[in-house]
Structures are given as C-alpha cells and as structure tokens.
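[1] Give me a model of this one.
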Amino acid sequence: MSIQDDLFKSIEILIEKALQKQNINRTVASTVEAISGSKYKCNIDGAYFWLKNGSGASLSKGTPVWVHIPSNKMNNAFIMGRR
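    So this is what the prediction gives:
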C-alpha cells in the first residue's frame, strides 16, 4: 500500500468509529445466511448477527434484506424488509 492508501484507510476507520458512537438510526443491506426458529443470521459490517424479522415477509436463506439498526445499537437491530 502507498502512504496515500494508508492515510485514506486510517481516515475511514476514524470516521466509522465516530459514527458508531453516535445515536443515529442506520439501515444497511444484508442477506439471510441461515435461519434458526424465528431468528435470521445476517452479515453486517463483517460480523454475523441473529435478528428478528420485523417485516412480516416470508424469508428464506439467500434472501436480500434491509436491516434497521435503531440508535446504532446492534442489540436492537431487526430485518425491516426485503431488498
């Protein structure tokens, strides 16, 4: 990597960390990776989370979904609909 690439990556990391500390709502794109009972495994920002389906839509493995993260708190995240 060049010095410029390192600098840009460092800035990106700092911004992401600052945003994570904010109490803002986020909606991110993901895909259903697995299903266990009423929970759906989704990859968000490189980590896997088991989420509830708040959309009421029928979901299966491989379904692209929108995940809502209220106040940027992953423990409150839920699937809000299909993409």
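
[2] Can you name the element that comes right after the longest strand along the chain?
    The single longest strand within the chain, with elements called by DSSP state E, is strand 26-36. With elements assigned by DSSP states H and E, the helix or strand that comes after strand 26-36 is strand 39-44.

[3] For the longest strand of the chain, name the packing helices and strands.
    strand 39-44, strand 64-69 (3 or more Cβ pairs under 8 Å, 6 or more residues apart in numbering; DSSP states H and E). Placement of C-beta: from N, CA and C, glycine included.

[4] which other residues reach the helix or strand just after the first one?
    Using DSSP H and E, the next helix or strand after strand 39-44 towards the C-terminus is strand 47-53. Contacts of strand 47-53 with the rest of the structure, by Cβ atoms under 8 Å, 6 or more residues apart in numbering, involve 33, 36, 38-42, 59, 67, 74, 77-79.

[5] angle of strand 47-53 against strand 26-36?
    Between strand 47-53 and strand 26-36, the angle comes out at 80 degrees (axes from the mean of the first three to the mean of the last three Cα atoms, to 10 degrees).

[6] Look at the residue nearest the centre of the chain and report its pLDDT.
    Centroid-nearest residue in the chain, with Cα atoms, centre = their mean: residue 44, separated by 3.2 Å. Predicted confidence (pLDDT) for residue 44: 94.

[7] thought it was touching residue 68?
    No - judged on Cβ atoms under 8 Å, residue 44 makes no contact with residue 68 at a distance of 11.0 Å.
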